[in-house]
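> sequence and predicted structure, then a few things I'm wondering about:
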Amino acid sequence: MEKQSFSSKLIEAFKQEKFLLFCLAYMLLPVPLLTPLAKNIGLDDCLWSVFFSTLLLLTIFVTMQFFAIKTVKACCSVLLIFTLVPSAIFLAYLLFAQAFLLSDSITSIFETNPEESKEFIAYYMNPFITAGIVAYASIPVFMIFKMRGNGVFSICRHKVPFSICITMLLLFVIFRPAAHSVYFINFYKTYIQYKKRHYEEKKEIANRLKQPFAVSKLQPDTLGQTLVVIIGESLTRHHMSLYGYGRKTNVLLNRKDSSLVVYDDVVSPQVHTIPVIRKVMTFLERNHADYFSKRPSLFELFNRAGYETYFISNQPYGGRYETSYDLLLTQAKHQHNPSLQKKPDGVVFPYLQEALGDKKKNKLIVIHLMGNHMAYIFRYPKEYDVFHNDSDDFIRSNAKYMTPEAVKTIDRYDNSVRYNDFVISNIIQFVKKSNNSSAVVYFSDHGEEVYDLRDFAGHAYEKVSSYMCEIPFLVWRSPSFGNYRTDLAFDTKRPFSTADFLYSITDLAGLRYENFDATRSLFNQAFKPRERYVGEYTYQEVKDMTKDLEHSK
Ligand SMILES: [Zn+2]
């Protein structure tokens, strides 16, 4: 009798409390229902997502029947606060990029610095989008306001169903497949895991730095050398005339210059800055996440070898911009942060000149550029506004997505590539003038797709393509560099991933240490090509997916 009255009361509640039901549905269901739009996840994942989200909705609805309307409204308001931002981000990804946001990209969102977000929002916001966001957020507020009804069930009289509801709610957080399938729980769990990992890595690296670690040098200390590593941003080699692009985006860097080595087959290990930098500066491997903190990183190795180390960044870092690779950057003995001036990359020149002027014997200078990051128009000074499709008629695609706005975006990206050409050549010129035994290595963290394949500009692992991982990799050497290292090889055809950059740069400097692996150094005679991965895909898989997209263009 008791049971029957419980279920009939529940059915009645479903009929009566429409605002509660719609409000929960509004917050929980649009994302899972739209997941079939995503091209990067399978149908089974979509179905699980719908199943668990609906189950969560029903569980919350039944649980709410045990509480008074005030508590129900308060719970719904809390749920709204927690779901609003993740749902807006997931929906924007689904609707505009036909992609479902994966963990690495969620982490990237947490690490995107406020300045970059402001710049992005200021550039893309328009009154329609603002009105859409306001309307999207107001609807559930209205529904919460309109909610009526009071606790249908008493907790004391229905202890068992109440306990089942609470247990189920807890399971949604603890039980991995459920937590993973409900978008906003997954979002916050990723955040907590990321914070936890960051804390543990920080602690472990600090402890390890206190332990001895021997780094020896192949050449005598009397031979002072300067190594400059330039890490670019979002530059695909497909928009560089140095690699065959039709527009003259490289007028200063030149293949005919015998001191410049242009590598033709280099890919990045991911297509987002954070996972790439975490791999490039450490020995972190796909199957050995622990090597990030268990083994030494770039600055640490050079510090231990007695180098003066410098870090000059036009990308914000440190303080309130802290990222999960800051603990690698801040190991440089000298640090400069011209990013605070918010200017194009030429802002790094005076800091580089100052570092070069310092006549210490061995130096490692790492420069992190803003490069070719969105929004492209902010990446170059006015005088580099040189490419206009109106005048050169370069973009001749008939594709539907090639709107005047898309064409303008390509023009701007190409302008930023041309400016990057100036920045890199100038850095090389400064190093050349410093008259030391020196080498400059430039590569971009990852590439960029700029309406090359489809209606999309940017880089996102969910839409990974060759354009996003095929990067430029250049090495410039002074005539005296490497006189003692005639064993090094500079073969531009070697298939390489910057995942093995640390082996290569330490080899170029002639450093030796425990676990050094010559077969992974791009510059070593013993180099052996390895399977290259872009995130969890093999590079070949990425190429195949890109080919499929090209055919369906
Ligand atoms: Zn990047």
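Good, I have the coordinates.
> looking at this protein, which helix or strand is least sure?
helix 114-124 (a mean of 63; mean pLDDT, DSSP states H and E).
> could you pull up phi and psi at the residue in the stretch 201-350 of the chain positioned nearest to the ion?
Closest contact between the stretch 201-350 of the chain and the ion, by Cβ to the ion, is at Thr273 (3.1 Å). The way it works is simple: take the backbone N, C-alpha and C, and place the C-beta from them, glycine included. Main-chain dihedrals, Thr273, degrees, to the nearest 10: phi -50, psi -50.
> would you confirm that it contacts Ile231?
No: taking contacts as Cβ atoms under 8 Å, Thr273 lies outside contact range of Ile231: 9.1 Å.
> what touches both of these two?
Taking Cβ atoms under 8 Å, 6 or more residues apart in numbering as the criterion, Thr273 and Ile231 both touch Asp445.
> torsion angles phi and psi at Asn207?
phi -70, psi -40.
> count the neighbours of it for me.
10 (other Cβ atoms under 10 Å).
> Lys159 now?
Burial of Lys159 is recorded as 10 neighbouring residues (other Cβ under 10 Å).
> so which bits of the stretch 101-250 of the chain are right by the ion?
Applying Cβ under 5 Å from the ion, we find that the stretch 101-250 of the chain lies next to the ion at Glu233.
> how about the helices in the stretch 101-250 of the chain?
For the stretch 101-250 of the chain, the helices defined by DSSP state H, counting those that start in this stretch occupy 103-111, 114-124, 127-146, 159-174, 176-181, 183-209.
> Throw those helices into JSON lines and include distance to Asp45, thanks.
What follows is the helices of the stretch 101-250 of the chain, written out as JSON lines (distance: least, Cβ to Cβ, whole Å):
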{"stretch": "helix 103-111", "distance to Asp45": "13"}
{"stretch": "helix 114-124", "distance to Asp45": "28"}
{"stretch": "helix 127-146", "distance to Asp45": "25"}
{"stretch": "helix 159-174", "distance to Asp45": "17"}
{"stretch": "helix 176-181", "distance to Asp45": "8"}
{"stretch": "helix 183-209", "distance to Asp45": "11"}
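> for His239, which of the ones you listed is the nearest?
Smallest distance to His239 across the helices of the stretch 101-250 of the chain (Cβ to Cβ): 19.8 Å, for helix 114-124.
> on that earlier part again, would you mind finding the most buried of the helices of the stretch 101-250 of the chain?
Burial of the helices of the stretch 101-250 of the chain is given as mean neighbour count (mean count of other Cβ atoms under 10 Å); helix 103-111 ranks first at a mean of 18.
> circling back to that earlier point, ok, the residue of the stretch 201-350 of the chain closest to the ion - contacts?
With Cβ under 8 Å, 6+ apart, Thr273 has these contacts: Ser108, Glu233, Gln315, Asp445, His446.
> list the residue ranges of the chain that fall below the pLDDT cut-off.
Along the chain, the model assigns pLDDT under 70 to residues 1-4, 112-125, 150, 222.
> start and end of stretch 343-350, how far apart?
When the termini of stretch 343-350 are compared using Cα to Cα, to the nearest Å, they are 13 Å apart.
> also stretch 460-472?
19 Å.
> can you check stretch 459-471 too?
Stretch 459-471 has an end-to-end distance of 13 Å (criterion: Cα to Cα).
> could you do stretch 435-449 as well?
With Cα to Cα as the measure, the first residue of stretch 435-449 is 38 Å from its last.
> Tyr537 and Val464 touch, don't they?
Yes: with contact defined as Cβ under 8 Å, Tyr537 reaches Val464; the gap is 6.4 Å.
> so these two - more neighbours on which side?
Taking neighbours as other Cβ under 10 Å, Tyr537 and Val464 compare with Val464 leading, 24 against 16.
> list the contacts for the more buried one?
Val464 sits next to Val271, Val534, Gly535, Tyr537, Val542, Met545 when contact means Cβ under 8 Å, 6+ apart.
> which strand residues bridge the fourth one?
Partner residues in beta bridges with Tyr537, using DSSP bridges, are Val534.
> if I pick the spatially most central residue of the chain, what's in contact with it?
Closest to where the C-alpha atoms of the chain average out (Cα atoms, centre = their mean) is His272, at 2.6 Å. For His272, the contact set (Cβ under 8 Å, 6+ apart) comprises Asp104, Ser105, Ser108, His446, His459, Ala460, Tyr461.
> format those residues as JSON lines; extra columns: distance to Ile11.
Written out in JSON lines, the entries for the contacts of His272 read as follows (distance: Cβ to Cβ, whole Å):
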{"residue": "Asp104", "distance to Ile11": "44"}
{"residue": "Ser105", "distance to Ile11": "42"}
{"residue": "Ser108", "distance to Ile11": "45"}
{"residue": "His446", "distance to Ile11": "54"}
{"residue": "His459", "distance to Ile11": "50"}
{"residue": "Ala460", "distance to Ile11": "44"}
{"residue": "Tyr461", "distance to Ile11": "45"}
